[in-house]
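# sequence and predicted structure, then a few things I'm wondering about:
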Amino acid sequence: MGSAWLIRLTILAGAGLVVAAGGLVITRPQRIEPSRLAGFSADLANGAYLFDAAGCASCHAAPKAEGPERFKLGGGRRLATPFGTFHVPNISPDRRTGIGTWTVAEIVDAIAAGVGRDGSHQYPAMPYASYGRMSLADAHDLAAFLKTLPAVENEVPPHELGFPFGIRLGIGLWKLVNFNPGPVVALPAATPEVLRGRYLVEGPGHCGECHTPRDAGGGTLRSRWLAGAPAMEGPGRVPDLTPHPKALGPWSVADITGYLETGFKPDGDTAGGPMVEVIDNTARLTPEDRRAIALYLKAVPAIAPEPRPVTVK
Ligand code: HEC
Ligand code: HEC
């Protein structure tokens, strides 16, 4: 090998290192600047409301938890995904097995920035891509509220993820593409009510995490926002929520608010699957907020649902 080759190789390797180092800098976990949280007082009633609006119990409490059990966030549920199995962590204030030693600011980082206490990226199985759209004041109130909940002693095993998904560093790249805390649907002429609905659906309500299909990289497809998606577990589909005639077009605003309160569809059928736990939460919102959600769903672009796969008998 001639020296010209050696020089070229050295330059290439050097360039490679610079790109890799640059990549690590751009994709490194970004905490929320502490000064942005300074001066917030903890409004615990608002934190409790956000807890319902954001459905934290749906993953972090025991399955089918009701009443006071919804506030016992000992974790332990398994979430099976194409990338492996996640074991939902204990986020109760237990000091040994939960997050009792975390500061409010560290909890806000996990909710709204997808950064763990040790400064590493959180997996997007925790829906911070949506929660990142919460106002910092709301995220702060919610974090302060979590600290008031009962401590639950429960050791949760580590996630079981295949290579390379076990490497948290790679999540930085996912975030670069998919973590965009701005609004999804631009609604320039919307009323404050519709904008409140957008906030609730795109942010804390994280409705798009189930109702929007994902690309190969696991990011939600903005071109098919809320247009329905394959069910995460089992066959079947999560329905299209856009105002398309084959989707929620025929539902009135009252049909939608009624469903979010009681689970009854206009045809008398009742909600099933993972939507049952969502309605457990939306039923606790104010009627004004359920109406805001319905008005937003009427304002998003109408997109035809994917045709159902033909079942061969
Ligand atoms: C769809 C299920 C799901 C929902 C809903 C959810 N989480 Fe999580 N959460 C997870 C998973 C999975 C992790 C683990 C992520 C990781 O290991 O990177 C997690 C991690 C966390 C952590 C970090 C815990 C630790 O030990 O590292 C906190 C704090 C947290 N969630 C708070 C919340 C709050 C507050 C809410 C409601 C606003 C919420 N989560 C809603 C699934 C969920
Ligand atoms: C954990 C996944 C998940 C989340 C999060 C979720 N949904 Fe759903 N949703 C479903 C599933 C699954 C169904 C179908 C339920 C059934 O089979 O009865 C559904 C059904 C619905 C329906 C009825 C549509 C129809 O045509 O029958 C509406 C309306 C709806 N969801 C609104 C929402 C709103 C608003 C949010 C956010 C506040 C939300 N969903 C969050 C999974 C989810």
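Thanks, I have the structure now. Numbers count the residues shown, from 1 in each chain. Ligands and ions are numbered 1, 2, ... in the order given.

# rest of the way, CA atoms for contacts and neighbours
Will do.

# so what would you say the end-to-end distance of stretch 266-274 is?
One end of stretch 266-274 sits 19 Å from the other (CA to CA, to the nearest Å).

# can it be found next to ligand 2?
Yes. Using CA under 6 Å from any ligand atom, stretch 266-274 reaches ligand 2 at 271-274.

# how about that stretch, which residues are buried there?
Ala271 (16 or more other CA atoms under 10 Å).

# contacts for it, please.
251, 255, 259, 263-265 (CA atoms under 8 Å, 6 or more residues apart in numbering).

# quickly note the distance from Glu249 to ligand 1.
One correction, residue 249 is Gly, not Glu. 27 Å (CA to the nearest ligand atom, to the nearest Å).

# OK, contacts around that residue?
By CA under 8 Å, 6+ apart, the neighbours of Gly249 are 242-243, 298.

# same check, this time on Thr148
So Thr148 contacts Pro93 (CA under 8 Å, 6+ apart).

# and the pLDDT for it?
According to the prediction, Thr148 has pLDDT 98.

# relative to Leu195, how far out is it?
30 Å.

# which helix or strand contains Pro124?
For Pro124, there is no enclosing helix or strand under DSSP states H and E.

# begin at 645 from now on, thanks
Fine by me, first position is 645 from now on; the one you just mentioned is Pro768.

# excluding sequence neighbours, find me the nearest residue to the closest residue to ligand 2 within the stretch 745-894 of the chain.
Closest residue of the stretch 745-894 of the chain to ligand 2, CA to the nearest ligand atom: Cys851 (3.5 Å). The shortest distance from Cys851 to any non-neighbouring residue, by CA to CA, 6 or more residues apart in numbering, is to Val845 (5.6 Å).

# do the same with Gly852
Using CA to CA, 6+ apart, the nearest residue to Gly852 is Leu870, at 5.6 Å.

# what residues are up against the one you found?
851-852, 855-857, 884-886 are the contacts of Leu870 under CA under 8 Å, 6+ apart.

# what are the buried residues along stretch 877-887?
881-887.

# cool, and stretch 728-740?
729-738.

# do a quick rundown of the strands in the stretch 695-844 of the chain.
722-725, 728-731, 804-805 (DSSP state E, counting those that start in this stretch).

# about what we covered before: closest to Ala875 among the buried residues of stretch 728-740?
Thr729 (16.2 Å; CA to CA).

# give me the pLDDT for the nearest residue to the closest one once chain neighbours are set aside.
Spatial nearest neighbour of Thr729, chain neighbours left out: Glu804 (5.1 Å); criterion: CA to CA, 6+ apart. With respect to pLDDT, Glu804 scores 94.

# over to Leu653?
pLDDT at Leu653 comes out at 47.

# tell me the contacts of the most centrally placed residue in the chain?
Nearest to the mean C-alpha position of the chain, by CA atoms, centre = their mean, lies Pro771 at 2.0 Å. By CA under 8 Å, 6+ apart, the contact list for Pro771 reads 850, 853.
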